[in-house]
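[1] below: sequence and its predicted model.
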Amino acid sequence: MTRGRWTTLVAAIAFVAAVAGVFVGRALLPTPPSPSTELHELLHRELDLDVRQKAQLEKLEAQYARRRTTIEAAMKADNARLAEAIESEHGYGPEVAAAVDASHADMGRLQKATLAHVFAMRQILRPDQAERYDRAVVKALTADQQ
C-alpha cells in the first residue's frame, strides 16, 4: 500500500471514529434541559393552572411567538448586512460597526420582549404559583453561574 493511500485510510478511520464518538457521547450524556424549557415545564405541568389560566397562557405564548419570530427575522437580516459589510470593508469599518450596532439593538429588543413575556405570564398566576414561578425564573437566569 502506498503512503498516500495509507494516510487516506487512517484519516477515514479517524473521521468515522470521531463521528461515532459524538453519537455515543450524545446518547450516553444527554444535554440538560435549557432553563427556558424548565420554566415552561413548570408552567404547564407543575403549577396546576386552571382552565382560564391555560387559555390566557396560550394567548400570551402565541403573541410572544409572533414577536420573537419578527425579531429573529430582523436579526438574520442584520447578520446578512454584517456579512456584506465584512466582505466589503475587510476590517472594522463604519459599515461593519453600523451592522453590529443594529444586531445589538435587535438582540436587546428580543431580550426585552422575552422579559415582557415572562412578566405577562406571571400576571396570570395566583400568589402561591407566582412564588414558585419566581424561583424558577431566578434559577433560569443564574443557571450558568451555578
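    In hand now; what should we look at? Numbering: from 1, shown residues only.

[2] switch to C-alpha atoms for all contacts and neighbour counts from now on
    Will do.

[3] any idea how this protein splits into domains?
    Domain ranges of the chain: 1-31, 34-145, per automatic domain parsing.

[4] okay, those, which one's buried deepest?
    domain 34-145 (a mean of 15; mean count of other CA atoms under 10 Å).

[5] before we move on, the earlier item: let's have the domains of the chain in TSV, adding mean pLDDT.
    Listed next are the domains of the chain as TSV, based on pLDDT from 0 to 100:
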stretch	mean pLDDT
domain 1-31	66
domain 34-145	87
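
[6] now the helices: where do they sit in this protein?
    In the chain, the helices defined using DSSP state H lie at 3-28, 35-41, 51-89, 94-123, 127-142.

[7] contact partners for the nearest residue to residue 117 once chain neighbours are set aside?
    Leaving out its chain neighbours, the residue that sits closest to residue 117 by CA to CA, 6 or more residues apart in numbering is residue 64, at 6.5 Å. The contact partners of residue 64, taken as CA atoms under 8 Å, 6 or more residues apart in numbering, are 113, 114, 117.
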